[in-house]
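Visitor: give the three-dimensional model of this entry:
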Amino acid sequence: MWKARLTYGLWLVGAALLYVFTDRYYALVLLLASVAGPMVCVLCNLCRRTSPAVSLHLAPSAAKGEKTEGMLKLDNRTALPMGRIDCTIREENRLTGESVSRTVSLRLPGRTAAKLPFTLESRHGGAVELHVERLAVRDLFGLSRRVYAADAAARCTVFPDTFSPVLSAGTRMSMDAEGTEYSPDKPGFDPAETFDIREYRAGDSPRSIHWKLSAKLERMVVREPGLPLETSYMFLFENDAASPAAVRDTLAEAYCSVVQVLAAEDVRFGMGWTDGRTGLYEQTDVHGSEDLIGAISRLLDAGADEESDVVRRYLDGAENDYAHVICFAPHVPAPIAELSAHAGHVTLFLCSDESWPEALYADNVHVMAFTPENYLRELSYIAI
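Guide: Down below sits the predicted model:
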């Protein structure tokens, strides 16, 4: 805007000198017009009561690295022309925390609407939010600027590039078709699985008596039913706000790839993460590909966890009876010892090149480490 004011000032000085040295009628008219015209435009712009209507339109989903076409629409609902509109758009990736702003400009005559196409291309996965932060309207001569707040927004879910790792079936041999596993520590109520055989006690149900074994042992024994764990797998995702964008993107890609394979095999599992907006822990069960798409969309939109404690939130929750806990994180979770004592199996997927002493972990903890540079090679075969 300073360039426009400098140019106008030089023009005004020239018009005044022309009138002083020529003393002609046309020079006076030129000088008066040079003063009155811009001043009228400035006053009209500063006194404008109605801001231009603005809206953003964007495809709901896209692939990482794919160019997606968007549309910015502006509508001047007044008869006064807008010499120039500077529209500032902020683009934020909820997963990686990356944020950039861009400014687009156009002229808009009175009672006119305009469409301005733009291209979105995100090199990282995540829920990308676009917000029109402000509108700066200038007069026809660019001498004044009126700033308006705007609330237009659009969202595009950029899904990570997934790959197809080979999952070891060793830990899944004892599960049923729905991925259910039974507690090794305490009996339950499901007669389909036997937890233990013990001596008959007064008050035991006749239905629990193991008649064949009782006849063989020549004493009364009963079968204790097993306690089914609702779902064997719980996948926790740690989106640490202090981690680099590349690390968060790699973790999301690895996470989505593993759960995608399980969903394709019709294995039931749980997914857990922290919502960065509310700070609350979110958890959902996945029973198929349709559930998975919705869960991944919510995870990519959850934002970063400032406290980085998804494992602690999981342990403090009511629904924490999963036999296998798989945590994707940029560092070793602080309550790892408590988690290993709580769950039957723990697998840590760490996107880190730091070393750690394996002796610190219990026998039921398995660690897989990788980096953004080698994750495809390191995670080609996965044992959980």
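Visitor: can you give me the helices in this structure?
Guide: Here the chain has its helices, by DSSP state H, at 2-22, 25-46, 211-217, 245-264, 289-301, 310-316, 336-342, 375-378.
Visitor: can I get those helices in a markdown table including distance to residue 80, mean neighbour count and mean pLDDT?
Guide: Using the backbone N, CA and C atoms, a C-beta is placed for each residue, glycine as well. Output for the helices of the chain, formatted as a markdown table (distance: least, CB to CB, whole Å; neighbours: other CB atoms under 10 Å; pLDDT from 0 to 100):
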| stretch | distance to residue 80 | mean neighbour count | mean pLDDT |
| --- | --- | --- | --- |
| helix 2-22 | 18 | 13 | 82 |
| helix 25-46 | 5 | 14 | 83 |
| helix 211-217 | 94 | 12 | 82 |
| helix 245-264 | 44 | 22 | 93 |
| helix 289-301 | 40 | 18 | 91 |
| helix 310-316 | 54 | 20 | 92 |
| helix 336-342 | 64 | 16 | 87 |
| helix 375-378 | 56 | 15 | 92 |
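Visitor: quick one, which of those helices gets closest to residue 166.
Guide: Minimum separation from residue 166 across the helices of the chain (CB to CB) falls at helix 245-264, 8.7 Å.
Visitor: can you name every helix or strand that that closest one contacts?
Guide: strand 126-138, strand 166-167, strand 233-237, strand 269-274, helix 289-301, strand 324-329, strand 345-351, helix 375-378 (3 or more CB pairs under 8 Å, 6 or more residues apart in numbering; DSSP states H and E).
Visitor: could you dump the helices of the chain to a markdown table with distance to residue 365?
Guide: Shown next, in a markdown table, are the helices of the chain (distance: least, CB to CB, whole Å):
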| stretch | distance to residue 365 |
| --- | --- |
| helix 2-22 | 63 |
| helix 25-46 | 66 |
| helix 211-217 | 37 |
| helix 245-264 | 17 |
| helix 289-301 | 24 |
| helix 310-316 | 12 |
| helix 336-342 | 5 |
| helix 375-378 | 18 |
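Visitor: wait, residue 83 touches residue 107, no?
Guide: Yes. With contact defined as CB atoms under 8 Å, residue 83 counts as touching residue 107 (6.3 Å).
Visitor: pipe the helices and strands packed on helix 245-264 into TSV and attach distance to residue 13 per row.
Guide: Formatted as TSV, the helices and strands packed on helix 245-264 follow (distance: least, CB to CB, whole Å):
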stretch	distance to residue 13
strand 126-138	22
strand 166-167	78
strand 233-237	65
strand 269-274	62
helix 289-301	56
strand 324-329	66
strand 345-351	63
helix 375-378	65
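Visitor: next, the buried residues of stretch 78-93.
Guide: 80-89, 91-93 (16 or more other CB atoms under 10 Å).
Visitor: stretch 93-102 now?
Guide: 93-98.
Visitor: just the residues you listed: which are in strands?
Guide: Applying DSSP state E to the buried residues of stretch 93-102, the entries found in strands are residue 93.
Visitor: could the buried residues of stretch 93-102 be laid out in JSON lines, adding pLDDT?
Guide: Output for those, formatted as JSON lines (pLDDT from 0 to 100):
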{"residue": "93", "pLDDT": "93"}
{"residue": "94", "pLDDT": "92"}
{"residue": "95", "pLDDT": "93"}
{"residue": "96", "pLDDT": "92"}
{"residue": "97", "pLDDT": "90"}
{"residue": "98", "pLDDT": "92"}
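Visitor: closest one of the buried residues of stretch 93-102 to residue 249?
Guide: Using CB to CB, the buried residues of stretch 93-102 come closest to residue 249 at residue 96, 5.8 Å.
Visitor: which single one of the buried residues of stretch 93-102 is nearest to residue 199?
Guide: residue 95 (56.5 Å).
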